[in-house]
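Peer 1: could you look at this predicted model? Sequence included:
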Amino acid sequence: MMQKNDGEVLVSFRNVQKTYDGETLIVKDLNLDVRRGEFLTLLGPSGSGKTTCLMLLAGFETPTSGQILMDGQLLNTIPPHRRNIGMVFQNYALFPHLTVRENLKFPLAVRKMPADEIDRRVARVLAMVQLEQLGGRYPQQLSGGQQQRIALARALVFDPKLVLMDEPLGALDKQLREHMQIEIKHIHESLGITVVFVTHDQSEALTMSDRVAVFNHGIIQQIDPAITLYEEPANAFVASFIGESNSLSGTVEQLNGEHCVVRLDSDARVTARAANLGGTGTRTVLSIRPERVLLGADASTCENRFSATLKEMIYLGDQIRARLDVAGTADVMAKTSVAHWDSRLQVGDRIDVGFPVANLRALEPM
Amino acid sequence: MNTVEDAMKPPAGGREVPLKVRLRRAERARTLGYLALIAPLAIFVLLIFVWPLISLLQRSVDNPEVSAALPRTVAALHGWSGHELPGEPAFAALAADLEALKGTSELASAAKRVNMELIGFRSLLLGAAREMPLAAGKPAKDAMIELDERWGELATWQVLARNRASVTPYYLLTALDFAIDDTGAVINAPAERTIYRAILVRTLWMSVIVTFWCLLLGFPVAYLLATQPPKVANLLMILVLLPFWTSVLVRVAAWIVLLQNEGPLNTAMVRLGLIDAPVQLVFNWIGVYIAMVHILLPFTVLPLYSVMKGISPTLMRAALSLGCPPFASFWKVYFPQTLPGIGAGGLLVFILSMGYYITPALLGSPKEQMASYFVAFYTNETINWGMAAALSTILLVATLALYVIYARYFGPAKVR
Ligand SMILES: Nc1ncnc2c1ncn2[C@@H]1O[C@H](COP(=O)(O)OP(=O)(O)O)[C@@H](O)[C@H]1O
Ligand SMILES: [Mg+2]
C-alpha cells in the first residue's frame, strides 16, 4: 500500500489548448495539477471538453498548444503506448476474441513479464474484482457490471502510474452504478493509485472524489473538494450545476471585506458574503441552497428577512419543499424537515423568510 | 429452467392448458406468417435452382442409351459371369435387337455412348446392324463372329454388360481421369487421355491466386472505408462499386484494348523506357489474373467493410493504452476480428472464380482455361451432357467441401 503523498504533483497541464477544427477551442487554456494518489474527477455538462482532456492525457489527441507533464517529464511527444497510463473506457473496450484471463494478461505479455508473474498478477486482480471464476469466459458472456469490473482490472493489472476513467459507469443501471462507485473508491484507497475520473453526474463526482474539477466551455470553473464546491461555489455556474440552488440577481452597492451589500432588482437590500466579485456597481448573482433558507420563526433573528408568499408545498416524507415568492423573485425553493414545518400553513399564506448572511453568497454572474 | 417452469405452472389441481402448449399456440400464427413471407422465394428457388441442380447431378450418372436400344440383349446378359463369351441366346438377342432398330437414332445414340468407352464400337455395332437379318440356319454366335471377329472378344461383351444398368460411374470417373479396365476395376486413365485432373488443379490454383490478390488488395481499401469520415468513405465506396456498373463483357473488352501490345499501357511503358519491346499482357495468364481480380475485388471489399464497420475503434486505443505498440495492436486486436470478413470475402471470391468462364475464355490462352470452359465445351459443341454434368458435379462438390471447411473454422460458432 502506498502512502498518500499530499501535494506532490504527478501530472500538470500548463496552458493547454485544444481545437479540432481550427475555429473553436474545445479546451481553452487549461492549467491543472493532478496530485499523486488523489482521486480527481472532471465534472461538467456533456460537450464541455472532459473527454478531450482525458484523450490529451492518454495521448490519443495532441494539444494544439501548451504542455502536459508527468513526473516532470514532458508528455507531448511520448506516444500513448509508452505513457504507462491505464484507461477504462465507457464501453469497456474488452477484446472480444480473448477470454477474460487473456484480456488481463494482454498488458503483461506486452511487457514481456515472466509467466508466473503474469499468472500471479492476473489472479490478484481477478480476486480484487471478485470474479475469480469467470477467467475462462469471453467478454460477451459477462453482464455489464462484470465487464466493467474486468475493464477496471485490466487497467490496473500493469500498475500504471495513473488510471483514467471516462464515464465508466454510464452504461450501468442506477443500483449497480452506486455499488460500483463505492467499489472503485475502495480500490483506489487500498491501492493508493492516482485516478482521473470523468463524469457528468454530480452525485457520482461528490461520492467518489478527493477533488472535483468543474468544467464548462473548456474552462475549469472551480477545482476543490466536494464540500467546498457545495458550500462555497466560486461562481454562479458551479452553484447551479452542483446541487440545487436559488439565484437572485442584483447589483453590488458596498463591499466591506468579506461581506457586501447588494441591491436586488426589486430594490430590497441584502447583506451577503462576497466571493470573487468585481467592484461596487457590478452585477452579481446571489446564491443560497434551499436547505439554508430559514422559514417562519427561525427567520426572526435573520439580518436578511422578507415576507414571502407560499406558492406550493411538496411533501417528501422526511422533508418538505416549499416554493415561495420572495421580494419580487418567483420560485425560490426552501427545504426544511417535517418537524420544523408549521402544519397550519396553506398555499397563498404569508410567511417570513430569512437568508443567513453566512450562506448567501454573492457570485460573479455567468 | 426448472425453476421458471415450476414458477409458471398453473395452480395445483387446475385443469389449465400447460404453458408450453399455450406458448406454441401463440407462436403458431406468427410462424405461419413468416412462412407465407418466404414462400414465394422458396418456391422460386426450388423451381429455378434446386430442381435443375438435382437433374444436373442426375445427368452425371444417367445411362439410358443401351438399355433403351438393346432390351433383349440386356435381358439375355443378365446373370452372365463375364469370364467367357456369352452363349448363343445373347448373340441371338443382340441380332434380334439390331434387326428391330436398324437405322434408328436410338441405335445410333447407344453406339455413340458405348464408343466412349471402347473406341471402334460404334462402327462395329452399326456395321452389324446393316447386315441384319442374319442368314437363317446358322447359330447367331457363329454368324456374328463371322461378320466381325471383335464379336468374339470378351471386352466387347463386357462393355455392353457394364452399360446394362441405367446408372454409370463412367462420366464421374472420367472427369477425375479414372477409367474402368476390362475386369471392371477402377484404374488411372492412360497418360495420353488424362486432362481433367490438371484442369481441376488449375481451376483451384487460379482461384487461390485470384482470392489471395483480392484479399491483399481489398483489405486496405475496406479498412480505409471503415475508418474514414462518411464523406470520404461514400466517395470511396462509389469507386469500389464502379465495376458493377458495366457488364463483364464491356470490362473484358476494355482490358483487351488497354493491355494489348499496341495498347496504351505497353506504349506508355516503351515510351518511358521501362521496357524495350511491348510485353504480352493479354491472351495469357497476366490478362486473366488482372481482369479476374478487378472484377471480383468488390466481393472481398464489401464483406470486409461490413465486418470492419462493426469493430469498435476504441479497441485499438485500449490496446495502445495497455502498452501495445501500434502495429502489434493492429495485428493482435484488430486483425483477428476481421477474420470473419476475410473468410466470407475469400470464400465468395473463391467460389465465384471456380466457376469463372467468360474472362479466361476471352482474355486467356488455352493454358488458362478453367473447368467451366470444358463444361461449356461439352454442352455447346459435343453435346455430351454426361461429361458436362460430371464436371459440374465435381466443381459443386469441391465448392461444398470448401464451404464445410469455412464453416468449421470461420463459422459463426467459431468466431467471437
Ligand atoms: N475527434 C473530434 N473531432 C472533432 N470534434 C470533436 C472530437 N471529439 C470531440 N469533439 C468536440 O469537442 C467537444 C467536446 O467534446 P468532449 O471532450 O467529448 O466533451 P465531453 O466529454 O465533456 O462530453 C464537443 O463539442 C465535440 O463535438
Ligand atoms: Mg465524454
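Peer 2: That came through fine. Ligands and ions are numbered 1, 2, ... in the order given.

Peer 1: helices along the stretch 151-300 of chain B, start to end?
Peer 2: Applying DSSP state H, counting those that start in this stretch to the stretch 151-300 of chain B gives helices spanning B:154-162, B:170-175, B:196-227, B:230-241, B:248-259, B:264-271, B:285-309.

Peer 1: whoops, I mixed them up, the stretch 201-350 of chain A
Peer 2: Along the stretch 201-350 of chain A, counting by DSSP H, counting those that start in this stretch, helices occupy A:202-208, A:226-231, A:236-241.

Peer 1: what does the stretch 1-150 of chain A put close to chain B?
Peer 2: Counting by Cβ under 8 Å from any Cβ of the partner chain, the stretch 1-150 of chain A comes close to chain B at A:58-60, A:79-87, A:89, A:91, A:93-97, A:106-107, A:110-111, A:138, A:140. Glycine gets a C-beta too; all of them are placed from N, C-alpha and C.

Peer 1: which ones among these are found in strands?
Peer 2: A:85-87 (DSSP state E).

Peer 1: report how many residues lie close to whichever residue of the stretch 201-350 of chain A sits closest to ligand 1.
Peer 2: Per Cβ to the nearest ligand atom, A:Phe215 is where the stretch 201-350 of chain A lies closest to ligand 1, at 6.6 Å. Neighbourhood size, A:Phe215 [other Cβ atoms under 10 Å in any protein chain shown]: 27.

Peer 1: do B:Ile119 as well
Peer 2: Counted with other Cβ under 10 Å, B:Ile119 comes out at 8.

Peer 1: same question, B:Leu235
Peer 2: B:Leu235 has 12 nearby residues by other Cβ under 10 Å.

Peer 1: please apply the same query to the one 3 residues further on.
Peer 2: Neighbours of B:Ile238 under the rule other Cβ under 10 Å: 10.

Peer 1: got it, and B:Pro298?
Peer 2: Counted with other Cβ under 10 Å, B:Pro298 comes out at 21.

Peer 1: so who does it touch?
Peer 2: B:240-241, B:243-244 (Cβ atoms under 8 Å, 6 or more residues apart in numbering or on different chains).

Peer 1: residue contacts, A:Phe237?
Peer 2: Contacts of A:Phe237 by Cβ under 8 Å, 6+ apart are A:214, A:216, A:221, A:366.

Peer 1: test my guess that the first one contacts A:Thr228.
Peer 2: It refers to A:Val214. No. A:Val214 lies out of contact with A:Thr228 (Cβ atoms under 8 Å); the separation is 11.1 Å.

Peer 1: those two: which has the busier surroundings?
Peer 2: A:Val214 (26 against 14).

Peer 1: please name the bridge partners of that one.
Peer 2: Beta bridges link A:Val214 to A:Leu43, A:Gln222 when assigned by DSSP bridges.

Peer 1: just the pLDDT for it.
Peer 2: Note for A:Val214: predicted pLDDT of 94.

Peer 1: contact partners for it?
Peer 2: A:43-44, A:220-223, A:229, A:237-238, A:241-242.

Peer 1: okay, now the domains of the chain?
Peer 2: Looking at chain A here, since you left the chain open. With domains defined by automatic domain parsing, chain A comprises A:9-234, A:237-363.

Peer 1: sorry, I should have been clearer: chain B.
Peer 2: B:3-59, B:65-168, B:196-414.

Peer 1: and the ones you listed: which comes nearest ligand 1?
Peer 2: Among these, domain B:196-414 sits nearest to ligand 1 (Cβ to the nearest ligand atom), with 9.4 Å.

Peer 1: any idea of the mean pLDDT in the closest one?
Peer 2: For domain B:196-414, mean pLDDT rounds to 90.

Peer 1: quick one: that domain to chain centroid distance?
Peer 2: 18 Å (Cα atoms, centre = their mean, to the nearest Å).

Peer 1: before we move on, what about stretch B:27-41?
Peer 2: 32 Å.

Peer 1: can you tell me what sits against that stretch?
Peer 2: In this structure, no residues lie in contact with stretch B:27-41 by Cβ under 8 Å, 6+ apart.

Peer 1: any idea where the helices of the stretch 301-416 of chain B begin and end?
Peer 2: Taking DSSP H, counting those that start in this stretch, the helices of the stretch 301-416 of chain B run over residues B:314-321, B:326-329, B:335-354, B:358-363, B:371-380, B:385-410.

Peer 1: from B:His294, how far off is the nearest residue to B:Ala226 once chain neighbours are set aside?
Peer 2: Distance criterion Cβ to Cβ, 6 or more residues apart in numbering or on different chains; nearest residue to B:Ala226, sequence neighbours excluded, is B:Met308 at 3.7 Å. The spacing between B:Met308 and B:His294, counted by Cβ to Cβ, to the nearest Å, is 22 Å.

Peer 1: rewinding a little: wait, the residue nearest to B:Ala226 touches B:Gln228, no?
Peer 2: No. Contact criterion Cβ under 8 Å: B:Met308 and B:Gln228 do not qualify, at 11.3 Å.

Peer 1: neighbour count: the two, which is higher?
Peer 2: Shown here are B:Met308 and B:Gln228; by other Cβ under 10 Å, B:Met308 has more neighbours (19 against 14).

Peer 1: tell me how far A:Cys53 lies from B:Asn261.
Peer 2: Where B:Asn261 is concerned, A:Cys53 sits at a distance of 63 Å (Cβ to Cβ).
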